[in-house]
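Engineer: how does the following fold in three dimensions:
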Amino acid sequence: MAKRTNSSNRTGLIVAAILVAFVICLVCVLAFISLLSDRQDSTTTEPEASIEALAPGELRLAYSPEKSDLIGKLVMEFNEARYKTPDGDRMRIYTEPLDPQAMVGAVQDGYFQVVTPDSSVWLDQIDRQWAEQSGAEATLVGQTFRYAVSPVVIAMWEDVAHSMGYPEHSIGWKDILDRAQTDAGFRWSHSSTSTASGLLATLAQFYAGAGKTRDLTAADAEAESTLEYVSAIQKTVRYYGEGETTLITRALEDGPGFLDAFVVQEQMVIYHNANRKGSDRLVAIYPQEGTLWEDHPMALLEHPGLTSDQRVVFSQWMEFLQSSEIQGQVLEMGYRPADLDIPLDGPASPFVSDNGVDPREPQTALQMPSSSVIDVVQNVWWYTKRHTNVFLVVDVSGSMRSKKLPAAQEALSVFLSQVAGEKEAVGLIEFSSEVEETVPLAELGQNRVALQDAIEDMRASGETSLLDAVELAHYRLQQLGDSDRINAIVVMTDGLENDSRISMRTLERELQEGSQEGVSVVIFCVAFGRDADYDTLNRLADVTGGQVREGDVTSIQELYKILSTYF
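Structural biologist: Predicted structure coming up:
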């Protein structure tokens, strides 16, 4: 009996030990899962679609897309630091990239509590739109601080810069103008004024035209001599565009075959040279007439629903970004830190000649004009900018039936609505088994209504005569022979070329000859869906220095909105 009892005791001990071990393992597993979950939360920099109501200690941050690497890294480190609110709630920041114009509209409803655009210019626009929508006298933008700055420069391939006298000679806007007017092959660009670099470059040109470096007035901007100067520079722009990230991505992909020069912030030049695969290097040209800065503000939005916990998180976020350690990381990523005590020539600094930048520049910093003067410049820009002759070439073959054609119609309407200037000339060519010039090329002041009516009347049927349609658009532009304008074709198709009279090889030859002997035409191709003829579209874009973009039913409106910024 005793023997059985001892055995029973031993069995009980073993079972107990197993249970204890099991519990310990279970606790460890749960702890690991919790830790993994925290780790995933802390490294998430994009907000989940399901997140509507934030927990105490959480913020949503909208940032300008060119800062994705910087903001993603800093937010991840902040989240991993596991700061706590006074009530013990963990602090977290969720982020979302938004271009400046989208940011101005998106922050009005309280979904975002913090914004960091590329320039303070957009903060003023946020406040003004808030006042218009809410009727409130109080401003929406509250506490603001800066954690990084970067001057706007002209990024130029080093051999092109040397041919213009760099580095012995300081290059400015007048040099760009002279080179473009004497060298038909010189191609340069800056983005539209809906981007910071495009707007700040345009403001710098107005300053140069007025012969000033500060206190630019509306009268200065509207003076005939200023307008003539800016208009002369603008007339040499290859085409406009959507922003710095796209410009640098194309420079990395295409090298000097892309553009000879383009406007970006200084940090983008460092980024390019640190990531280039070939020997071609960009150098930052600091315009001798002076330049403006992207000041990357971080701003708290004073929505009525903003909580005391969120204010605490913002204060901790500000302290975090302004710490010497984080300011050092800002420097390492190619931005100039807001902390002026951090030297630009330290051992870890990327501000070295090998990266094409000069920490002693710019010698002249221009003063940011008042918001009323910026409004004047943006409005006047539509008259001074290089205008456009653009054909919209649209696939209305049978494969566009169902959801595709309505989506394309809406996208084309968005394109027209985004082109605000009445001087831009737009025509419409539809193609299926036949090619029809539905609306002849004319300035939008004359044919905007006709274009909209034609878009609404589109019907899908037949085959795909893509090449014939492009040839017709190119022929019309060559007939016009207007080299003062940007000449472009925006072609959209969802299928394979199968019904054209002209061959691809013949069309390529015509496009090349037109560029050499007539007017240069750039072709932007929109591949609508996965079945589009990518080989053909890439060849059309490559021979003209254009681009191919992919869209679908959900994204094509945004794609056409983006393309409108090129004109």
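Engineer: pLDDT weak spots in the protein?
Structural biologist: For the chain, residues meeting the criterion pLDDT under 70 lie at 1-52.
Engineer: if you set the cut-off to 50 instead, what comes out?
Structural biologist: 1-51 (pLDDT under 50).
Engineer: please parse it into its domains.
Structural biologist: As recorded under automatic domain parsing, the domains making up the chain are 58-149+301-337, 151-295+352-382, 387-564.
Engineer: can you list the ones you listed in CSV and add mean neighbour count?
Structural biologist: For every residue, glycine as well, the C-beta is placed using N, CA and C. Converted to CSV, the domains of the chain look like this (neighbours: other Cβ atoms under 10 Å):
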stretch, mean neighbour count
domain 58-149+301-337, 18
domain 151-295+352-382, 19
domain 387-564, 19
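Engineer: and these as TSV, adding distance to Pro343?
Structural biologist: What follows is those, written out as TSV (distance: least, Cβ to Cβ, whole Å):
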stretch	distance to Pro343
domain 58-149+301-337	9
domain 151-295+352-382	9
domain 387-564	39
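Engineer: Leu344 is nearest to which of those?
Structural biologist: Closest approach to Leu344 among these is made by domain 151-295+352-382 (3.8 Å; Cβ to Cβ).
Engineer: does Asp484 touch Gln234 like I think?
Structural biologist: No: using Cβ atoms under 8 Å, Asp484 makes no contact with Gln234, being 10.9 Å away.
Engineer: what touches both of these two?
Structural biologist: Taking Cβ atoms under 8 Å, 6 or more residues apart in numbering as the contact rule, Asp484 and Gln234 both touch Arg386.
Engineer: isn't Phe567 right up against Ile486?
Structural biologist: Yes: using Cβ under 8 Å, Phe567 is in contact with Ile486, at 6.5 Å.
Engineer: what touches both of these two?
Structural biologist: What both Phe567 and Ile486 touch, as defined by Cβ under 8 Å, 6+ apart, is the set Tyr239, Thr388, Val390.
Engineer: give me the beta-bridge partners of the second one?
Structural biologist: Residues found in beta-bridge contact with Thr388 (criterion: DSSP bridges) are Ile486.
Engineer: quick one, what contacts it?
Structural biologist: By Cβ under 8 Å, 6+ apart, the contact list for Thr388 reads Glu424, Ala425, Val426, Arg485, Ile486, Asn487, Ala488, Phe567.
Engineer: Pro86: which of those is nearest?
Structural biologist: Phe567 (52.9 Å).
Engineer: and for the closest one, the neighbour number?
Structural biologist: Using other Cβ atoms under 10 Å, Phe567 has 26 other residues around it.
Engineer: can you tell me the closest non-neighbouring residue to it?
Structural biologist: Nearest-residue entry for Phe567: Thr388, 4.1 Å, with adjacent residues in sequence omitted and distances by Cβ to Cβ, 6 or more residues apart in numbering.
Engineer: relative to Met164, how far out is the closest residue to Thr364 other than its chain neighbours?
Structural biologist: Of all residues not flanking Thr364 in the chain, Gly290 sits nearest, at 3.6 Å (Cβ to Cβ, 6+ apart). For Gly290, the distance to Met164 equals 18 Å [Cβ to Cβ, to the nearest Å].
Engineer: again with Gly105
Structural biologist: To Met164, Gly105 is 40 Å away according to Cβ to Cβ.
Engineer: repeat that for Leu507.
Structural biologist: Distance of Leu507 to Met164, given as Cβ to Cβ: 36 Å.
Engineer: and Leu392, by the same measure?
Structural biologist: Taken as Cβ to Cβ, the span from Leu392 to Met164 is 37 Å.
Engineer: just the strands from the stretch 151-300 of the chain, written as ranges.
Structural biologist: With DSSP state E, counting those that start in this stretch as the criterion, the stretch 151-300 of the chain has strands at 188-189, 261-265, 282-285, 293-294, 297-301.
Engineer: out of these, nearest to Met333?
Structural biologist: Taking Cβ to Cβ, strand 261-265 is the member of the strands of the stretch 151-300 of the chain nearest to Met333, at 12.3 Å.
Engineer: quick one: contacts of that closest one?
Structural biologist: Outside strand 261-265, the residues touching it (Cβ under 8 Å, 6+ apart) are 66, 118, 150-157, 160, 176, 187-191, 196-198, 201, 244, 247-248, 251, 285, 294.
Engineer: ok, and the closest non-adjacent residue to the most centrally placed residue in the chain?
Structural biologist: Taking Cα atoms, centre = their mean, the centroid of the chain lies closest to Gly243, which sits 3.7 Å from it. Sequence neighbours aside, Thr195 is the residue nearest to Gly243 in space, at 4.7 Å (criterion: Cβ to Cβ, 6+ apart).
Engineer: wait, what's in contact with that neighbour?
Structural biologist: Going by Cβ under 8 Å, 6+ apart, Thr195 touches Asp99, Pro100, Asp118, Glu242, Gly243, Glu244, Thr565.
Engineer: among those residues, which lie within helices?
Structural biologist: Residues of the contacts of Thr195 located in helices (DSSP state H): Pro100, Glu244.
Engineer: okay, the residue nearest to Gly243 and Ala106: tell me how far apart.
Structural biologist: Separation of Thr195 from Ala106 (Cβ to Cβ) stands at 16 Å.
Engineer: ditto for Arg549
Structural biologist: Arg549 is 23 Å from Ala106, where distance means Cβ to Cβ.
Engineer: partner residues bridging the nearest residue to Met156 once chain neighbours are set aside?
Structural biologist: Closest residue to Met156 apart from its sequence neighbours, by Cβ to Cβ, 6+ apart: Ala261 at 4.2 Å. Ala261 has these beta-bridge partners by DSSP bridges: Met156, Trp188.
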